[in-house]
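In: Here is the input, now give the coordinates:
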Amino acid sequence: MTMDAFSRIECRQGDIARQNDMEAVVNAANAELRPGGGVAGALHRAAGPELDRACRSLAPIQPGQAVITEAFALPNRYVIHCLGPVYGSDEPSDELLASCYRRALQLAEEHSIASVAFPALSSGAFGYPAAEAARVALSTVLKTLPDCPHVERVRFVLFDGESTRLHQRTLASLNGG
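Out: All right, here's what the predicted structure looks like:
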């Protein structure tokens, strides 16, 4: 892992649907890519009904997969939809979760996307333990970024202060801090 990869990642508290300075946002999607609760609900509400219509032909997706659509009424160009694993059900959960982050970054690279905002995939309703989810997410992004030269910035947008601090501490520990 290069120092360059660390300098391209930030962790902050916020609303994933209000990342005006990011080219793409990542949706914590369900298999059918439909509006729901949490991140998926927030992004679908902000994007408008066109996002739901655009997703229908891409569904269903499997845990670990990612697909991309336009962002419609969101302030971004794209939404990358990832289906994270349900902890304790979809196995091997660590590999499936890592696949979400890796595939999302690969899609960003293929579309020459310079900035991507991620939520904490699978750590809400899907029950993934927050500390382990943060470790898998950040270590996967750090390993994948060197193969994605178009992706200049990755932001983890966390719902609350506790999650934000956890991600910041995890990133620092992966950087030897």
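
In: so after the worst-scoring helix or strand of the chain on mean pLDDT, what's the next helix or strand?
Out: Scoring the helices and strands of the chain by mean pLDDT, DSSP states H and E places helix 3-7 at the bottom, with a mean of 79. The C-terminal neighbour of helix 3-7 among helices and strands, as given by DSSP states H and E, is strand 9-13.

In: which residues sit against that following strand?
Out: For strand 9-13, contacts defined as C-beta atoms under 8 Å, 6 or more residues apart in numbering pick out 138, 141-142, 145, 153-161, 163-164, 167-168, 171. For every residue, glycine as well, the C-beta is placed using N, CA and C.

In: go again using 10 Å as the cut-off
Out: 19, 117-118, 120, 134, 137-138, 141-142, 145, 153-172, 174-175 (C-beta atoms under 10 Å, 6 or more residues apart in numbering).

In: Looking at the residues you listed, which are in helices?
Out: Taking DSSP state H, the ones among those that sit in helices are 134, 137-138, 141-142, 161-172, 174.

In: And those, which of them are buried?
Out: Using 16 or more other C-beta atoms under 10 Å as the burial test, the ones in helices among the contacts of strand 9-13 include 134, 137-138, 141-142, 163-164, 166-168, 170-171, 174 as buried.

In: Low-confidence stretches in the protein?
Out: Residue ranges of the chain with pLDDT under 70: 1-3.

In: residue nearest the centroid of it?
Out: residue 118 (3.1 Å; C-alpha atoms, centre = their mean).

In: Wait, that residue touches residue 26, no?
Out: Yes. At 4.6 Å, residue 118 counts as touching residue 26 under the criterion of C-beta atoms under 10 Å.
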